[in-house]
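Provided below for reference: sequence and predicted model.
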Amino acid sequence: MPELPETETIARDLQREVRGRTIESVFVRKDDVLREVTARTLADRAVAATIVRSWRRAKLIVLDLSSGDRLVVQPRFTGALLVWRGPLPEREATYSTLHFGLDDGRDLHYRDIRRLGTVALMPPARFTEYSAGLGIEPLDPAFTGAHLSVLLRGSRQAVKKVLMDQRRIVGIGNIYASEACWRAGVDPSRAAGRVSDREVSALRDGIISVLTESIAARGTSFRDYRDASGGRGDFERSLAVYGRGGEACLRCGARLVETHAIDGRTTVLCAYCQR
């Protein structure tokens, strides 16, 4: 967490809230979140730059600056970008690792409770190199059933693990891989290479539908995910399997099974209607 819907929500919020704003100051409180830049260099290169665009790549939030640099934020488990006027509430201020003072009097904070996320400053060539190591965007029209079939073909890894491999497909983590497999009726532990063409098509549709619906609900908040205004996502109430171990399957009524057998991650599935 956050996965694609959550980072997409934050990126859209920032596009609306801070596009066109100029950075007037940079304050770094915890520099262990920085990558590829020091606190001093971040300030030297970011101050006086205007935020031209906010967008998402994979699970990254990218801010294009007028200087040509890109601020690249990977929130990971507990990170958030918050736009705030005045002091942050105490529950958030405790975990603010750095903030950018904007020309309209507001601040853009990177808050991270466990400090597992990162903030990098990359010139265009470096970002292009970095992005090239990432897989296809699942909401891109190029992500077809045929493309997914190629990614799964011949793999002995669990299909859920392949879906979460950011070198193949980006943005999908534990929540949405579990949900997509349930929608497709596919056992997430099955070897990816044994998924039929019909199931591949259903899986691709399940991925697209669950991501699109979650974006519309502004993502899923269990604990730490917040949008750019500090609000929570609303997709939790639409989850069919994730977080519902031991409850009834919404499709067949069987009891949902919770396991850690797939890559050590919590996976919930219906052993009756996911084959």
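All right, it came through fine. Numbers count the residues shown, from 1 in each chain.

contact partners for the residue nearest to the spatial centre of the chain?
Per C-alpha atoms, centre = their mean, the C-alpha nearest to the average position across the chain is that of residue 3, at 2.4 Å. Contacts of residue 3 were listed using C-beta atoms under 8 Å, 6 or more residues apart in numbering, and they are 59, 171-173, 175-176, 219. Heads up, the C-betas are built off the backbone N, CA and C, glycines and all.

if you set the cut-off to 10 Å instead, what comes out?
Counting by C-beta atoms under 10 Å, 6 or more residues apart in numbering, residue 3 touches 58-59, 75, 164, 170-177, 211, 214, 219-220, 225.

now it: how far from residue 272?
To residue 272, residue 3 is 27 Å away according to C-beta to C-beta, to the nearest Å.

likewise residue 237?
Note on residue 237: its distance to residue 272, by C-beta to C-beta, is 23 Å.

do residue 166 as well
Distance, residue 166 to residue 272, by C-beta to C-beta: 31 Å.

at which residues are the strands of the chain located?
Listed in chain order, the strands of the chain (DSSP state E) span 23-28, 34-35, 51-57, 60-65, 70-74, 79-85, 96-102, 106-112, 118-122, 257-259, 267-269.

with mean neighbour count and distance to residue 11 added, can I get those in a markdown table?
What follows is the strands of the chain, written out as a markdown table (neighbours: other C-beta atoms under 10 Å; distance: least, C-beta to C-beta, whole Å):
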| stretch | mean neighbour count | distance to residue 11 |
| --- | --- | --- |
| strand 23-28 | 17 | 17 |
| strand 34-35 | 16 | 19 |
| strand 51-57 | 19 | 4 |
| strand 60-65 | 23 | 5 |
| strand 70-74 | 22 | 9 |
| strand 79-85 | 22 | 9 |
| strand 96-102 | 21 | 16 |
| strand 106-112 | 23 | 13 |
| strand 118-122 | 21 | 15 |
| strand 257-259 | 15 | 32 |
| strand 267-269 | 24 | 28 |
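
tabulate the ones you listed (JSON lines), appending mean pLDDT.
Shown next, in JSON lines, are the strands of the chain (pLDDT from 0 to 100):
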{"stretch": "strand 23-28", "mean pLDDT": "98"}
{"stretch": "strand 34-35", "mean pLDDT": "97"}
{"stretch": "strand 51-57", "mean pLDDT": "98"}
{"stretch": "strand 60-65", "mean pLDDT": "98"}
{"stretch": "strand 70-74", "mean pLDDT": "98"}
{"stretch": "strand 79-85", "mean pLDDT": "94"}
{"stretch": "strand 96-102", "mean pLDDT": "97"}
{"stretch": "strand 106-112", "mean pLDDT": "96"}
{"stretch": "strand 118-122", "mean pLDDT": "98"}
{"stretch": "strand 257-259", "mean pLDDT": "95"}
{"stretch": "strand 267-269", "mean pLDDT": "96"}
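
for these, give me CSV that also has distance to residue 241.
Formatted as CSV, these follow (distance: least, C-beta to C-beta, whole Å):
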stretch, distance to residue 241
strand 23-28, 40
strand 34-35, 34
strand 51-57, 25
strand 60-65, 27
strand 70-74, 26
strand 79-85, 25
strand 96-102, 33
strand 106-112, 28
strand 118-122, 30
strand 257-259, 9
strand 267-269, 4
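
wait, which of those strands is closest to residue 44?
Nearest to residue 44 among the strands of the chain is strand 23-28; the distance by C-beta to C-beta comes to 8.8 Å.

buried stuff in the helix-or-strand element of the chain with minimal mean pLDDT?
Ranked by mean pLDDT, DSSP states H and E, the weakest helix or strand in the chain is helix 90-93, scoring a mean of 88. Neighbour-count burial for helix 90-93 flags residue 92 (criterion: 16 or more other C-beta atoms under 10 Å).

now swap in stretch 13-25 and tell me
Going by 16+ other C-beta under 10 Å, stretch 13-25 has these buried residues: 13-15, 17-18, 21-23.

can you give the domain ranges for this structure?
Following automatic domain parsing, one finds the domains of the chain at 4-132, 145-269.

related to what we said a few turns ago, grab the nearest non-local neighbour of the residue nearest to the centre of the chain.
Spatial nearest neighbour of residue 3, excluding adjacent residues (C-beta to C-beta, 6 or more residues apart in numbering): residue 173 at 4.1 Å.

pull up the gap between the one you found and residue 136, please.
Distance of residue 173 to residue 136, given as C-beta to C-beta: 16 Å.

before I go, just wanted to say thanks for your time.
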